[in-house]
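Peer 1: one predicted model, sequence on top.
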Amino acid sequence: MNRTTNRMEENMTTKKIFSLAVALLFALSLGACSQAKGPAEAAIKTAEDALNAGKADALKYIPDQVKAAEDALKAAKDAFAKGDYTAATTAATGVSTKVKDFVVATAAKKAELTKAWGEQSQMLPNMIAAIKSRVDVLSKSKKLPANLDKEKFESAKNGLAEIDKAWGEASTAFKEGGLADALAKAKSVKEKAVEIMTTLGMQVPEAAKG
Amino acid sequence: MADKPVQGKGDEAIDATQWHEVKKGETLSKIAKQYYGDPSLYTTIFEANRDQLKDPNLIKIGQKLRIP
């Protein structure tokens, strides 16, 4: 009888210990989770702030790299929402690296385009001025030179008005920070200016060829 | 067709100034006819080159003239 009572008490004690152990493990895992949640949240916030700070400028020059960083941030947020804080922290750290990379790439691209713009902004006004000068003189001429008929001359005059306007637009785009847009406009101005100069029998500057 | 103008001085790669190198037998009128089709426009070339021309009838072989 006593033996049976002792065994029952032993079983009860074992169950209690087991229950306590389970409760302790659960509490520990909750603690671990809440310990990982804070750093994950902070990593996501840091990554998001960095992304927002650098993306406006970068979008103009390297939109693909910005999108990759945005996708990585979304992945970090998704992992956080699922409670996978370790994955969220890892993904958020990756976003920060991507942001650092695109900030460097943006600066490099900007420098490259600014240099290209500097060359165009020196050359194109020269070309436009030379064409204007030639058109002014030819407008006073009683007879056009060989290889230039009235139709070609009229076309050149119209083309001059077009590139003059387009160059103004390119300059405005540059002043407003649209470097890539300014260069695209400058490229079409250059191509048209070369065409007009050729029509008028003028020499095209070396830098405008090709 | 007109002779190909010669490139001028300075930063040649971006310089759009039009130049002509005077050859034997040329006059400002002939050059004006070549580029403008009208010899009477020689005065335009003369005025553009007043820094090196004193007389429109006196140009030298090898001289580089601006062609407006």
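Peer 2: Happy to help now that I have it.
Peer 1: need the helices for the chain, in chain order.
Peer 2: All of this refers to chain A. A:2-61, A:63-81, A:85-140, A:150-175, A:179-199 (DSSP state H).
Peer 1: oops, wrong one, chain B.
Peer 2: Per DSSP H, chain B has helices spanning B:28-36, B:42-48. These are given in chain order.
Peer 1: just the pLDDT at residue 65, thanks.
Peer 2: Let's take chain A. pLDDT, the model's per-residue confidence, is 95 for A:Q65.
Peer 1: nope, chain B
Peer 2: 98.
Peer 1: ok, it - contacts?
Peer 2: B:L65 sits next to B:19-22, B:31, B:45, B:48-49, B:52-53, B:59 when contact means C-beta atoms under 8 Å, 6 or more residues apart in numbering or on different chains. Just so you know, the C-beta spots here come from the backbone N, C-alpha and C atoms, and that holds for glycine as well.
Peer 1: closest to chain B out of the helices of chain A?
Peer 2: Distances from chain B to each of these were compared using C-beta to the nearest C-beta; the minimum, 3.8 Å, belongs to helix A:85-140.
Peer 1: number of residues surrounding the closest residue to A:A129 other than its chain neighbours?
Peer 2: What sits nearest to A:A129 in space, not counting adjacent residues and going by C-beta to C-beta, 6 or more residues apart in numbering or on different chains, is B:A16, at 7.1 Å. Here the neighbour count serves as a burial measure; for B:A16 (other C-beta atoms under 10 Å in any protein chain shown) it reads 23.
Peer 1: wait, B:A16 sits on A:M123?
Peer 2: Yes - contact criterion C-beta atoms under 8 Å: B:A16 and A:M123 qualify, at 7.2 Å.
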